[in-house]
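Participant: quick one, what's the 3D model for this:
(chains A and B)
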Amino acid sequence: MRPLKSRQTLATRLKRAAGLGLLCAGLSPLVLPATANAADPDVPDTIKWTIPFGVGGGTDVWARFFAPWFSDYLPGKPTVMIDNVPGGGSINGANLFAVRARSDGSQWLGTSASTQYPAMLGDPRVRYDYADWKPILATPTGGVVYASPEMGKDADSALKALLKQPVKLAAQSPTGVELPVLIALEMLGVDINPVFGMRSRGEGRLAFERGEANIDFQTTSAYLSNVQPLVDDGKAIPLFSLGVLDDDGNIVRDPTFPDLPTFNEIYQQTRGKAPSGNAYEAYRKFFASGYALQKLVMVPVDTPEPLVETYRQAAREFIKTDQFKEEAAAQLGPYTPIVGETVSRHLRDAMAIKDETRQWLITWLADKFDVHLATR
Amino acid sequence: MLDILLSSLGQVFTLSHLLYMMLGVSVGLVVGIIPGLGGIAGMSLLLPFLYGMEPSVALGMLMGLVAVIPTGDTFASVLLGIPGSSASQATVIDGFSLAKRGQAARALSSAFLSSMIGGLIGAAVLTGFILIARPLVLAFSSSELFMLTLLGLSMVAVLSGRDLFKGLAACGLGLLVGGMGMAPATGEFRLNFGLDYLYDGLPLVVVGLGIFALPEIIDLLVQRGAIASEPCRLGEGWRQGFRDVRRERGLVARCAGFGSLIGTIPGLAGSVVDWMTYGHAVQSAKDKSEFGRGDIRGVIAPESANNACACGAMVPTLLFGVPGSGSAAVFLGGLLLLGLQPGIGMIETHLDLTYTIIWSLALANILGAGLCLGLAGPVASLTRVRFTILAPLITVLILFAAYQATRATGDLIALAAVGAIGVLFKKANWSRPAFLIGFVLAPGAETYFYQAVQFQGSAAFVRPGVMIIGALILAVLFIPALKALWLKRRQARGDGDTTDSEAATPADRTRPTFGAVDVLLLAGLLGLAAFAWSDVAGLSLLGSVFPKLAIAIMAVGCLAETARYVLRRPQWQEQACREELIWLAGFCALIATILGLGFISTAALFCLAFLLGIARLKLWTAAGMAAGVVAFLVGMAHFLTLTYPSGFLDPWLFS
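Facilitator: So this is what the prediction gives:
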């Protein structure tokens, strides 16, 4: 080994660095903030909220919006700490939560459509079960299907044109959030050719704007900020909305788009009867779990009932405030979060998908798009 | 327009804005310097502050963070050979070689200076371009994007030089590894061997660390000594770096302009830009012999491009809500959290905020590069430290960085596996950049090709944009060959003296060398090709065509190389790598210990044992350094809410 020129000074430096290291190690317990302010014996001091998506994604932003509200309105003002566990399109994080989460109320999970769908489809990677969790709150979203003006000047003529020619839609994956839209278009008799591999709905919209896709779909907030200007310029023709679920589980018009018919209305109008059968069953279930209950705050099912009620009560209280309403309009779109038993009921209904319906869906994907899903 | 520009400039220079931006810049530098963290970790530090902040101030803070990350990560790539993020992979090649030659300060100062200039050019381009960018962004359809990935792939030919077939095989392997995971066209899972970890494919950070950093560490351990094998003069290097940038100002401007334009195309972003500009630097240089062995142009080109690219990436993020890069995606999250919906509204109703963002971007680039320049001198002296002292710290840092990719055990195992490939590649002189380029561009090449064909059919390949990029690819591939031919002819017609002496050297060099590792790699890759083929054979046509193509490229490369050996009677070269393999086995044992005991305790024990046993430091120095490592890991876990493999000892000691 070559002798080093400045060994002496280097050694001193290293000693200093080492001393500093020791000092840091000694001090670190002192620096860590003490979070012991137990006011309410029930509510834990720290709530670890697992988000199975990366930082900055839709669900992460959603959780970061809610975290301070929960923190402020829960007794004892617990710290709500967001823990991002991305991977496998949210399956990894949800799997980990299913295995590890304690049911003392200190661990929450935030899920989204891409957590719900694989569970409904029987994806072999899924090792969680929604029956093991209880919802605290759900936020709905809506969505609008729109077409290129090449298809027609207005919605009616565009809808007619859709039936006459193959139609292209830029989608993320066969089991992504576009699934209900694909089913809806199939039910209307459209020869739909999805092009998969988009990394987000935004990329799908770009393909539409570039003229590559002649039909597209966006959820409400993206529609309002990015598609409405196109509609105003005559570059996009809105066709129908997915609607929203009312308390009884019926699909009704989206209050955000009161003038836009829902898919159900369009079906009724073109086919002369209300939609039914396996395809509609699949549409309804995937719409409910992916849109009406798009994002959910969940706790393990064994979490003590009074504690769950405390969480739900806090949510009910902050939802009522004007400040929340104002900020939520920008974050969540014009929808009010749903709290408590209604969520449980709708969720149970949505996730309970009949084998027959699932089989129809799997066969349809295979026959129509040559997509062979791996299922358990 | 002008009044908005000026009023947002005024906004940028208010005290609160400057203070928060400084906060953003400092956080950005810290997470940029520590490998494996990057924008996402920085964001999770800042996001809690963000809620309820005044949007323009908050945007300054976020911008400060995003803008300096491609600056800060240069430290790790130049000094330690660790590609901190995707933006600094090309920098590693020549930057680290320069550090090994004792010119770390020169590499760093020119990198930071060109980063700063690149960032400023990017911001200037952005100022005007954002108003008219919409149609241009929309002009790039899937077929043009596919051609751009091809352009990126054609850099393999540029970088592998005479070892074209080895480069081809390496690139094929990269494409194959990059094609692991879900097939974009059909949602089928390929080459995952039933392992959950492989469903998403391998993370870029892990592959980058494995292929570049690990082989370098092992190599340095085998050689002993310090990173810098030649004595270094820091002050001199600093000035030299400035002079280099001044001399190469044309290169800086071209790369920065190119970077900012490529950045505006969503979906391509930083991953291709540094390789393309690196390739450009190689091609435009008259004397190419020093590239890969420490040519300053190999540092200047990617560094001036990557900050400009970060500026360009703001265009699709702000105008379309489609992030152009990883850190832009995080920035997008910040925008949403502030209640700002990206879209055309950002230039119609929020133009002032948009310009605040751009001004902040420019200012943050100056601040970030200035701070880094100040740090460059002192930090560069790290390269003079005996490497056995640094090795355990760097090893822990690499494991730390790799594990943050997906926080799965698989990250560490994949690191060791890719590292083994890296060691063999390095030993037998197979192109590691070619492998990485293949890996990085695999998803884009496949997805965009499939989308172009689906959307546009055969019309996809007669579009004007496609033709232009196609012509560019042909130029990249054939102009050097034509030029060489032309030069040869001219020389042949010239006087005989020079021809003889010139001809003698290349003939000597072109005689291929050949060794045990080459044999091992060729056999291994051909075996892998057969195995992978059988794995994807059962998939649908759309799902399997891309991996099959990758396998074919790999196999053709290997077979052509074999044929070359057979035909040209290579020179047998001793490629002893017993020592390397022992270190590699040690690394695997370390990973096994981590999984058993837990990361923090293993890191402490490993540092202590290594520093005492191999570096032969005094007990208390070694203990102090080990304690410092523990403090670093515990502190990171606390402040950034990170997790490590816990094992059975860690929960006892550190929870």
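Participant: which parts of the stretch 101-250 of chain A are strands?
Facilitator: Using DSSP state E, counting those that start in this stretch, the strands of the stretch 101-250 of chain A run over residues A:107-111, A:133-139, A:143-147, A:167-170, A:192-195, A:215-219, A:237-241, A:244-245.
Participant: list the contacts for residue A:179?
Facilitator: A:117, A:286, A:290 (CB atoms under 8 Å, 6 or more residues apart in numbering or on different chains). C-beta here means a position set from N, CA and C on the backbone, and glycine is covered the same way.
Participant: near chain B, which residues of the stretch 151-300 of chain A show up?
Facilitator: For the stretch 151-300 of chain A, the contact set with chain B under CB under 8 Å from any CB of the partner chain comprises A:168, A:170, A:173-175, A:193, A:195-197, A:199-200, A:202-203, A:205-207, A:209-213, A:221-222, A:224-226, A:229.
Participant: can you get me a residue count around residue 229?
Facilitator: Reading this off chain A. Using other CB atoms under 10 Å in any protein chain shown, residue A:229 is surrounded by 15 other residues.
Participant: oops, chain B please
Facilitator: Per other CB under 10 Å, the neighbour tally for residue B:229 reads 16.
Participant: next: residue A:184.
Facilitator: By the criterion of other CB under 10 Å, residue A:184 has 26 neighbours.
Participant: that one against residue A:286, yeah?
Facilitator: No: at 9.9 Å, residue A:184 does not count as touching residue A:286 under the criterion of CB atoms under 8 Å.
Participant: domains of the chain?
Facilitator: Just going to use chain A. Using automatic domain parsing, the domain parsing of chain A gives A:46-140+A:293-339, A:143-290.
Participant: please go with chain B instead
Facilitator: The domain map for chain B lists B:2-461+B:512-572, B:469-494, with the assignment taken from automatic domain parsing.
Participant: for these, which has the smallest mean pLDDT value?
Facilitator: Mean pLDDT is lowest for domain B:469-494 among the domains of chain B, at a mean of 82.
Participant: show me how far it is from its chain's centre.
Facilitator: Its chain's C-alpha centre and that of domain B:469-494 lie 29 Å apart, by CA atoms, centre = their mean, to the nearest Å.
Participant: what ranges do the strands span in the stretch 251-376 of chain A?
Facilitator: Counting by DSSP E, counting those that start in this stretch, the strands of the stretch 251-376 of chain A are A:251-252, A:295-300, A:338-339.
Participant: who does the second one touch, helix- and strand-wise?
Facilitator: Other elements packing on strand A:295-300 under the criterion 3 or more CB pairs under 8 Å, 6 or more residues apart in numbering or on different chains; DSSP states H and E are helix A:58-73, strand A:107-111, strand A:133-139, helix A:305-320.
Participant: now with 6 Å?
Facilitator: strand A:107-111, strand A:133-139 (3 or more CB pairs under 6 Å, 6 or more residues apart in numbering or on different chains; DSSP states H and E).
Participant: name the residues of whatever helix or strand residue B:521 lives in that are buried.
Facilitator: If you go by DSSP states H and E, residue B:521 is part of helix B:516-536. Across helix B:516-536, burial judged by 16 or more other CB atoms under 10 Å in any protein chain shown covers B:517, B:518, B:521, B:522, B:525, B:526, B:528, B:529, B:532, B:535, B:536.
Participant: hmm, who's touching stretch A:294-303?
Facilitator: When contacts are defined by CB atoms under 6 Å, 6 or more residues apart in numbering or on different chains, stretch A:294-303 is touched by residues A:62, A:101, A:103, A:105, A:108-109, A:111-113, A:132-139, A:141.
Participant: quick check: phi and psi on the residue most central in space within chain B?
Facilitator: Centroid-nearest residue in chain B: residue B:89, 2.5 Å away (criterion: CA atoms, centre = their mean). Here is the backbone geometry of residue B:89 (degrees, to the nearest 10): phi -70, psi -40.
Participant: could you say which of the strands of the stretch 251-376 of chain A is packed most deeply?
Facilitator: Highest mean neighbour count among the strands of the stretch 251-376 of chain A (mean count of other CB atoms under 10 Å in any protein chain shown): strand A:295-300, with a mean of 23.
Participant: partners of that strand in the sheet?
Facilitator: Strand A:295-300 has the following strand partners under DSSP bridges: strand A:107-111 (antiparallel), strand A:133-139 (antiparallel).
Participant: my read: residue A:177 touches residue A:114, true?
Facilitator: No: counting by CB atoms under 6 Å, residue A:177 stays clear of residue A:114, with 7.0 Å between them.
Participant: and the residue nearest to residue A:239 when sequence neighbours are not counted, bridged to which residues?
Facilitator: Of all residues not flanking residue A:239 in the chain, residue A:145 sits nearest, at 4.9 Å (CB to CB, 6 or more residues apart in numbering or on different chains). Residue A:145 has these beta-bridge partners by DSSP bridges: residue A:217, residue A:240.
Participant: circling back to that earlier point, which strands and helices sit next to the helix holding residue B:521?
Facilitator: Helix B:516-536 sits against helix B:409-428, helix B:541-568, with contacts defined as 3+ CB pairs under 6 Å, 6+ apart.
Participant: just give me the residue closest to the centre of chain A.
Facilitator: Residue closest to the mean C-alpha point of chain A, counted by CA atoms, centre = their mean, is residue A:112 at 3.0 Å.
Participant: look up how far chain B lies from that one.
Facilitator: Here the criterion is CB to the nearest CB, to the nearest Å. By it, residue A:112 lies 14 Å from chain B.
Participant: helices along the stretch 251-376 of chain A, start to end?
Facilitator: A:263-271, A:277-287, A:305-320, A:322-332, A:341-351, A:355-369 (DSSP state H, counting those that start in this stretch).
Participant: weakest of these in terms of mean pLDDT?
Facilitator: The weakest mean pLDDT among those belongs to helix A:322-332, with a mean of 88.
Participant: show me what contacts the residue of the stretch 201-350 of chain B found nearest chain A?
Facilitator: Nearest residue of the stretch 201-350 of chain B to chain A: residue B:333, at 2.7 Å (CB to the nearest CB). Residue B:333 sits next to A:56, A:61 when contact means CB under 6 Å, 6+ apart.
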